[in-house]
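Trainee: I would like to see how this sequence folds:
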Amino acid sequence: MKNWRLWVPLMLFSGFVGVAAYQLTQPKDEFVESRMVGKELPFFDLRPALAELPGASSADFQDGKPRLLNIWASWCLPCIAEAPHLERLQREGVEIVGIAIRDRPEDVARFLAQHGNPYTRIGADDLSSVQLEIGSSGVPETFVIDGQGRITHQHIGDIRSDDVPMLLAKLAEAAR
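Mentor: Next up is the predicted model:
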């Protein structure tokens, strides 16, 4: 009668190992997509992250012209990797509005001096409130916003060379 009590912990442990092994074989989903894609930007009005550039607000995206909204930070290493590709997009005529996450003005200025400034405006999101409202899960992250202020595409992670044509196509779609 006491023998079955010895097997219970072993069966429980075996069940745990089986569930863990199953989970390890499942595809990993690293990205959390925003539920805001297809919806209007939430209202925001951010102070300038730098004295030389205006801040950013949701009203900036409602003049009929599609733009990129880039969520970034000076302390973000992948943001350094995407900097030349943002400048390439700027050279292609793309207007890029930046939101600096939890950053100090002197760090923002140093980052832009070292890696270039593709932004027409940069808002300071000191508490990540706008970042969270639009469904951004990290930095860098870039959103295509149509001319009516609606999010039409989300690019998670740093922009790489082969992402540039895709983003240009998404901007062209957003212009229609």
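Trainee: and Leu69, that's in a strand?
Mentor: Yes. According to DSSP: H, G, I helix; E, B strand; the rest coil, Leu69 belongs to a strand.
Trainee: That one bridge partners, please.
Mentor: Val97, Phe143 (DSSP bridges).
Trainee: Need phi/psi at Ser136.
Mentor: phi -80, psi 130 (degrees, to the nearest 10).
Trainee: my read: it touches Ile71, true?
Mentor: Yes. Using C-beta atoms under 8 Å, Ser136 is in contact with Ile71, at 4.9 Å. C-beta here means a position set from N, CA and C on the backbone, and glycine is covered the same way.
Trainee: Can you show me the CA trace of the helix or strand bottoming out on mean pLDDT in the chain as CSV?
Mentor: Sorted by mean pLDDT, DSSP states H and E, the helices and strands of the chain end with helix 3-25, the least confident at a mean of 81. Listed next in CSV are the C-alpha coordinates belonging to helix 3-25 (Å, rounded to 0.1, in the frame of the first residue of the first chain):
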residue,chain,number,x,y,z
ASN,A,3,4.6,1.7,-2.6
TRP,A,4,2.2,4.0,-4.6
ARG,A,5,3.2,7.0,-2.5
LEU,A,6,6.8,6.6,-3.7
TRP,A,7,5.7,6.8,-7.3
VAL,A,8,3.6,10.0,-7.0
PRO,A,9,6.6,12.5,-6.8
LEU,A,10,8.3,10.6,-9.7
MET,A,11,5.1,10.9,-11.8
LEU,A,12,4.7,14.6,-11.0
PHE,A,13,8.4,15.2,-11.9
SER,A,14,8.0,13.2,-15.1
GLY,A,15,4.9,15.2,-16.1
PHE,A,16,6.8,18.5,-15.5
VAL,A,17,9.8,17.4,-17.6
GLY,A,18,7.4,16.3,-20.4
VAL,A,19,5.6,19.7,-20.4
ALA,A,20,9.0,21.5,-20.4
ALA,A,21,10.4,19.4,-23.2
TYR,A,22,7.3,20.0,-25.3
GLN,A,23,7.5,23.8,-24.7
LEU,A,24,11.2,23.8,-25.8
THR,A,25,10.3,22.2,-29.1
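Trainee: what's the following helix or strand after that helix?
Mentor: Per DSSP states H and E, helix 3-25 leads on to strand 45-46 as the next helix or strand towards the C-terminus.
Trainee: hmm, back to that, list the residues that contact both of Ser136 and Ile71?
Mentor: Phe143 (C-beta atoms under 8 Å, 6 or more residues apart in numbering).
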